[in-house]
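Trainee: how would this look folded up:
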Amino acid sequence: MDRKYELHVHTAECDPYATLSGAEIVRRYHDAGYHGIVITDHYFDLFHQWFQEELCDCHQTIMDRYLRGYYAARNEGEKIGLTVLPGAEVRLDSCPNDYLIYGLEADDFYRLPLLHRQENLSALIATLPKDVCVVQAHPFRNNMSVQNPAPLFGLEVYNSHTESFRNELAHRYAVHYDKAMTSGSDFHSENDTAKGGILTDQVIASPKDLISVLRSGNYRLVQNT
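Mentor: As a prediction, the model looks like this:
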C-alpha cells in the first residue's frame, strides 16, 4: 500500500506568513490521507528578526523557539496517528538559496551550531550528520543562485508555490546532473494542503526511515497543481 508523506511545511508558530498552527496542519493532512509530514520551518537570520523579543544568545532558547511548531505538530500527530518529523529550510547568511534538511532528530538541533551561520554549502553539509539529505528548495525561483549541484543530495523539482516552468527547469536540471528529486507543498495556508510530497510503500516513522526511503529512490512524487 502506498503511503503519502509531505516534505515541506511551515507552521504559524514559527512563520508570520503561515496561517495554521502545527496542530491544525496535522489534522488537515490526516484528513487528506497522508501518513506523515516533515516540519521545515525557516531557519535563517530573518527568524531572529521575526522573534527577536523572545530570543537571546542562549542556543537552547533559540532552538526551543525554532522547534515550537514541530513540537505542536508532533504532539497532535501522536494523538491522531500521523507521523511528524523535524526538518528545516536553511538559508545561509552568505547565499540566497534555501536548503531543505531531512534526517535530523530533534536533539540534533540542540547539538549542532547555528546552521545558517555556516560559511557556505560545503561547510553546512560538513556540519551535519553524515547521512542527512540536503535538498535545494525551489532552485529556479527569482533570486536563487544556480550553482554546481554536486554537494547536494537532490533538488526539489515540484513546489506548489513555484511556477510550472520553473519546476520543469528544476526537473531537467536534476535529470541532467543525476540528482534525487523531491516534491513539497511548501505549506503556508489551508489552500496548500496536499499539493506535494512523496508516495512510498515503505513506512516512515523516524528521520532515519525518511533518509532510507529518499536514498533508496523507492518513492514517487506527489504533484497536485
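
Trainee: okay, the spatially most central residue of the chain: pLDDT?
Mentor: With the centre of the chain defined as its mean C-alpha position, the nearest residue by C-alpha atoms, centre = their mean is Thr40, 3.6 Å away. With respect to pLDDT, Thr40 has a value of 98.

Trainee: just the one 4 residues further on next, same as before
Mentor: On pLDDT, Phe44 comes in at 97.

Trainee: Where does the prediction get shaky in the protein?
Mentor: Nowhere does the chain drop to pLDDT under 70.

Trainee: residue boundaries of the strands in it?
Mentor: Secondary structure of the chain by DSSP state E: the strands cover 3-9, 36-39, 42-43, 83-86, 88-90, 99-102, 133-136, 154-159, 180-184, 196-200, 220-223.

Trainee: Give the pairing partners of the last one; include direction for each.
Mentor: When sheet partners are counted by DSSP bridges, strand 220-223 sits next to strand 196-200 (antiparallel).

Trainee: buried stuff in the strand it pairs with?
Mentor: Gly196, Gly197, Ile198, Thr200 (16 or more other C-beta atoms under 10 Å). All C-beta atoms are positioned from the backbone trio N, CA, C, and that covers glycine.

Trainee: nearest to Phe140, of these?
Mentor: Gly196 (16.0 Å; C-beta to C-beta).
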